[in-house]
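> let me see the structure of the following:
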Amino acid sequence: MKNIAIAVMAAILLSANAMAAIKIDGRQAQNMDDVRSLGVIYINHNIATESEAIQALSEESDARGARFYHPILIHEPGSNGVIHASADVYR
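Below you'll find the predicted structure:
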(Lines give C-alpha, C1' and ligand atoms only; values in the text may rest on other atoms or scores of the structure.)
Protein backbone atom coordinates (compact mmCIF):
# COMPACT_ATOMS: atom_id res chain seq x y z
CA MET A 1 0.00 0.00 0.00
CA LYS A 2 2.85 2.38 0.82
CA ASN A 3 4.46 1.69 -2.58
CA ILE A 4 1.20 2.55 -4.35
CA ALA A 5 0.95 5.85 -2.47
CA ILE A 6 4.54 6.71 -3.40
CA ALA A 7 3.90 5.84 -7.06
CA VAL A 8 0.76 7.98 -7.16
CA MET A 9 2.56 10.92 -5.55
CA ALA A 10 5.45 10.62 -8.04
CA ALA A 11 3.00 10.59 -10.96
CA ILE A 12 1.27 13.72 -9.67
CA LEU A 13 4.57 15.56 -9.25
CA LEU A 14 5.79 14.56 -12.70
CA SER A 15 2.55 15.57 -14.40
CA ALA A 16 2.56 18.96 -12.63
CA ASN A 17 6.11 19.63 -13.80
CA ALA A 18 5.27 18.56 -17.34
CA MET A 19 2.70 21.33 -17.61
CA ALA A 20 4.92 24.17 -16.35
CA ALA A 21 5.93 26.86 -18.83
CA ILE A 22 9.59 26.77 -19.84
CA LYS A 23 11.76 29.87 -19.58
CA ILE A 24 13.59 30.60 -22.85
CA ASP A 25 16.28 33.12 -23.78
CA GLY A 26 16.28 35.75 -26.53
CA ARG A 27 17.85 33.49 -29.17
CA GLN A 28 15.30 30.75 -28.54
CA ALA A 29 12.47 33.28 -28.68
CA GLN A 30 13.62 34.44 -32.12
CA ASN A 31 13.44 30.85 -33.39
CA MET A 32 9.90 30.12 -32.16
CA ASP A 33 8.45 29.56 -35.64
CA ASP A 34 6.22 26.63 -34.74
CA VAL A 35 4.45 28.26 -31.78
CA ARG A 36 1.83 30.96 -31.41
CA SER A 37 2.44 34.14 -29.43
CA LEU A 38 -0.06 34.75 -26.66
CA GLY A 39 1.17 38.31 -26.12
CA VAL A 40 2.94 39.92 -23.20
CA ILE A 41 2.31 39.48 -19.49
CA TYR A 42 3.14 42.09 -16.85
CA ILE A 43 3.85 41.53 -13.17
CA ASN A 44 3.65 44.71 -11.10
CA HIS A 45 2.92 43.56 -7.57
CA ASN A 46 4.97 43.26 -4.41
CA ILE A 47 8.04 41.47 -5.80
CA ALA A 48 11.29 42.11 -3.96
CA THR A 49 13.88 40.00 -5.81
CA GLU A 50 14.65 38.99 -9.37
CA SER A 51 14.11 35.30 -8.54
CA GLU A 52 10.63 36.13 -7.20
CA ALA A 53 9.96 38.01 -10.45
CA ILE A 54 10.98 34.99 -12.54
CA GLN A 55 8.79 32.73 -10.38
CA ALA A 56 5.82 35.11 -10.75
CA LEU A 57 6.32 35.22 -14.54
CA SER A 58 6.42 31.43 -14.64
CA GLU A 59 3.22 31.14 -12.59
CA GLU A 60 1.39 33.73 -14.72
CA SER A 61 2.57 31.96 -17.89
CA ASP A 62 1.17 28.69 -16.56
CA ALA A 63 -2.11 30.37 -15.67
CA ARG A 64 -2.44 31.64 -19.26
CA GLY A 65 -1.77 28.21 -20.71
CA ALA A 66 1.63 29.13 -22.15
CA ARG A 67 4.24 26.49 -22.96
CA PHE A 68 7.15 28.97 -23.04
CA TYR A 69 7.93 32.43 -21.67
CA HIS A 70 10.72 34.88 -22.42
CA PRO A 71 11.39 37.54 -19.75
CA ILE A 72 11.83 40.83 -21.60
CA LEU A 73 12.05 43.33 -18.74
CA ILE A 74 12.79 43.04 -15.05
CA HIS A 75 13.47 46.35 -13.35
CA GLU A 76 13.09 48.36 -10.19
CA PRO A 77 11.47 51.64 -11.29
CA GLY A 78 12.11 53.65 -8.15
CA SER A 79 13.41 53.51 -4.64
CA ASN A 80 10.40 51.63 -3.29
CA GLY A 81 12.10 48.23 -3.77
CA VAL A 82 9.27 46.72 -5.84
CA ILE A 83 10.38 44.96 -9.03
CA HIS A 84 8.28 45.10 -12.20
CA ALA A 85 8.59 42.32 -14.79
CA SER A 86 7.20 41.40 -18.19
CA ALA A 87 7.55 38.48 -20.56
CA ASP A 88 6.49 37.30 -24.00
CA VAL A 89 4.44 34.10 -23.73
CA TYR A 90 4.00 31.38 -26.35
CA ARG A 91 1.78 28.34 -26.85
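> regarding the residue nearest to the spatial centre of the chain, what is its secondary structure?
The centre of the chain sits closest to residue 58, judged by C-alpha atoms, centre = their mean, with a distance of 1.5 Å. Assigned with DSSP: H, G, I helix; E, B strand; the rest coil, residue 58 falls in the helix class.
> any idea how far residue 82 is from the closest residue to it other than its chain neighbours?
Excluding the flanking residues, the one nearest residue 58 by C-beta to C-beta, 6 or more residues apart in numbering is residue 21, at 5.8 Å. Where you see a C-beta, it was placed from the backbone N, CA and C, and this is true even at glycine. Applying C-beta to C-beta, to the nearest Å, the value for residue 21 to residue 82 is 23 Å.
> who's more crowded, those two?
Set residue 21 next to residue 82 and count neighbours by other C-beta atoms under 10 Å: residue 21 wins out with 22 against 13.
> so for that one, what's the pLDDT?
pLDDT recorded at residue 21 is 94.
> what sits against it?
Residues in contact with residue 21 (C-beta atoms under 8 Å, 6 or more residues apart in numbering) are 58, 61, 62, 66, 67, 68, 69, 89.
> no further questions, thank you.
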